[in-house]
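Asker: Sequence plus the predicted model coming up.
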Amino acid sequence: MKRQIFFKAGLPVLAAALLVAVYALAAQNDAVVADALNQAGASGPWWMWPLILLFFCFILGIIAVLAGVGGGVLYVPLVSGFFPFHLDFVRGAGLMVALAGALAAGPGLLKRNLASLRLALPVALIASTCAIVGAMIGLALPTNVVQIALGTTILFIAILILKSKNVAVPEVKNPDAVGIALGMNGVYHDASTGQDYAWKTHRTLPGLLMFIVIGVMAGMFGLGAGWANVPVLNLMMGVPLKVAVGTSKFLLSITDTSAAWVYLNQGCVIPLMAIPSIVGLMFGSFVGVRLLAKAKPKFIRYMVIGVLLFAGAKALLKGLGIG
Amino acid sequence: MSTDTTQTPPEQIVYSNMLFYGCWGSLALMAATYLLYVLGVLTPHVPLETVTQLWSQPVKAYLTQGNVPTGWGWFKLIGKGDFINFTGIVLLAGMTILCYIPLVGAYFKKKEPIFAVIAILEIVVLLVAASGVVGSGGH
């Protein structure tokens, strides 16, 4: 009974708390907030920010799972907008956060055949190569330009999540030559319906080309790119939704690895802030997965769209020197 | 080439098992080294108070003012509280490379040379990224 009350009342309260915190920070004068944050960073106890980050990322991990988005896509805009860390370090930690989440999910997805190596390998080669290029571009561009591009991308992601209508099992009448040559097909067992679904791909070449753009963006902004992987795999290439989601998550473990190395080698990963972020988000994800079966994530999904719109606008304004 | 059963291919199982132990091992290592760092068991190369002043600056300022090495330079400072944390981080970032190695042999054995070559190319791409030869700029 207590658990039911928690699921019905506690979760929306928890989710709303994050939203309120974000809005409360933003509602104040930005210059005052920035000064206070800088002073706290300079003169406050060193343990304050790692502790806040650990708690913040724990909540973020729960919300990310319930909303069906990766941690990185929420982490980068929110932490760069409202914490005293420079964008260089936020992107480095964001990639490590996305990478850790994807690596932890990988074994379960692969064993259950919900992620397909046959599908992931060619896609990963393209995306991970381009993620290196994206990371190099991201580190070479001035911070305000990256902020503007990040803000625009986050706004686009929010609209994409709002508008995207994925298809559970798309009909692929004519698999194409590239898909056949690469053996991009399989069968998966859906436990919820008890049925086996055979799948194959079409529009494989344009789909693979899309991963050039996805890889560059993942590397440039330090985001996981699940928000882009799923629509391309599902809507464009005709992969069933569950396999697309599973393969996308697994794919992030490869794409983000290449970009993470670039940030790591550049000194953009500061353990003092990166490790609490990773650990907080991982524990949050565990709790989120346990809550997922009982929660009604529709409200949280809309809330995340709201947070993304807000964080995207904030990043955009910051880049333009207005915010 | 086609996969016509719901059974998980054996190479996928191997990958999954390696990833499971590697991922959780690196997270445990990360947590343990972080405690050594923040509890002051090992003295950090960059004092904690200095890190909190520099993390709001661009990476270049952090590197110069903190005298922080780039690339694999951290390895020389592995005895320091802050840099010992990179053992777990690097293991986590290196897991995909390690997991790809058995795939090469598995696909050659299955007479699927295209996938074996794709796996080799991926290892090369990730090793290039890990080597630090790309992205020497930074701002």
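Answerer: Yep, it's here. These numbers come from a predicted model, not from an experiment.
Asker: The longest helix seen in chain B packs against which elements?
Answerer: Ranked by number of residues, the top helix in chain B under DSSP state H is helix B:10-38. The contact analysis (3 or more Cβ pairs under 8 Å, 6 or more residues apart in numbering or on different chains; DSSP states H and E) places helix B:10-38 against helix A:87-111, helix A:117-140, helix A:271-292, helix B:86-109. (Glycine included, C-beta is placed from N, CA and C.)
Asker: so of those helices, which one's packed in deepest?
Answerer: Looking across the helices and strands packed on helix B:10-38 with neighbours counted as mean count of other Cβ atoms under 10 Å in any protein chain shown, the highest average goes to helix A:87-111: a mean of 27.
Asker: residue contacts, the nearest residue to A:Val289 once chain neighbours are set aside?
Answerer: Distances taken as Cβ to Cβ, 6 or more residues apart in numbering or on different chains put A:Val65 closest to A:Val289, at 5.6 Å, once the chain neighbours are dropped. Residues in contact with A:Val65 (Cβ atoms under 8 Å, 6 or more residues apart in numbering or on different chains) are A:Gly284, A:Ser285, A:Gly288, A:Val289, A:Leu291, A:Leu292.
Asker: Now do the second one against A:Gly134, distance only.
Answerer: The gap separating A:Ser285 from A:Gly134 is 25 Å, by Cβ to Cβ, to the nearest Å.
Asker: Sketch out the low-pLDDT regions of the chain for me.
Answerer: You didn't pick a chain, so chain A it is. By pLDDT under 70, the low-scoring segments of chain A are A:1-44, A:68, A:224, A:292-300, A:323.
Asker: wait, chain B
Answerer: Along chain B, the parts satisfying pLDDT under 70 run over B:1-6, B:135-139.
Asker: how about stretch A:122-131 against chain B, any contact?
Answerer: Yes - against chain B, stretch A:122-131 shows contacts by Cβ under 8 Å from any Cβ of the partner chain at A:Pro122, A:Ala124, A:Leu125, A:Ser128, A:Thr129.
Asker: With A:Ala127 as the reference, measure out to the residue in the stretch 101-250 of chain A positioned nearest to chain B.
Answerer: Closest residue of the stretch 101-250 of chain A to chain B, Cβ to the nearest Cβ: A:Gly183 (3.4 Å). Distance, A:Gly183 to A:Ala127, by Cβ to Cβ: 19 Å.
Asker: Excluding residues flanking it in the chain, which one is nearest residue 88?
Answerer: Went with chain A since none was named. Closest to A:Asp88 by Cβ to Cβ, 6+ apart is B:Val59, at 4.1 Å.
Asker: right idea, wrong chain: chain B
Answerer: What sits nearest to B:Gly88 in space, not counting adjacent residues and going by Cβ to Cβ, 6+ apart, is B:Met30, at 3.3 Å.
Asker: quick one: contacts of the helix or strand harbouring B:Gln53?
Answerer: Here B:Gln53 sits within helix B:48-54, counting by DSSP states H and E. With contact meaning Cβ under 8 Å, 6+ apart, helix B:48-54 is reached by A:41-42, A:44, A:46-47, A:49, A:270, A:272, B:38, B:44, B:46, B:61-62, B:65-66, B:82.
Asker: Looking at those residues, which is nearest B:Gly88?
Answerer: B:Asp82 (12.6 Å; Cβ to Cβ).
Asker: list the contacts for the residue nearest to the closest one when sequence neighbours are not counted?
Answerer: Counting by Cβ to Cβ, 6+ apart, B:Asp82 lies nearest to B:Pro44, which is 4.1 Å off, once chain neighbours are set aside. B:Pro44 makes contact with B:Tyr37, B:Val51, B:Lys80, B:Gly81, B:Asp82, B:Phe83, according to Cβ under 8 Å, 6+ apart.
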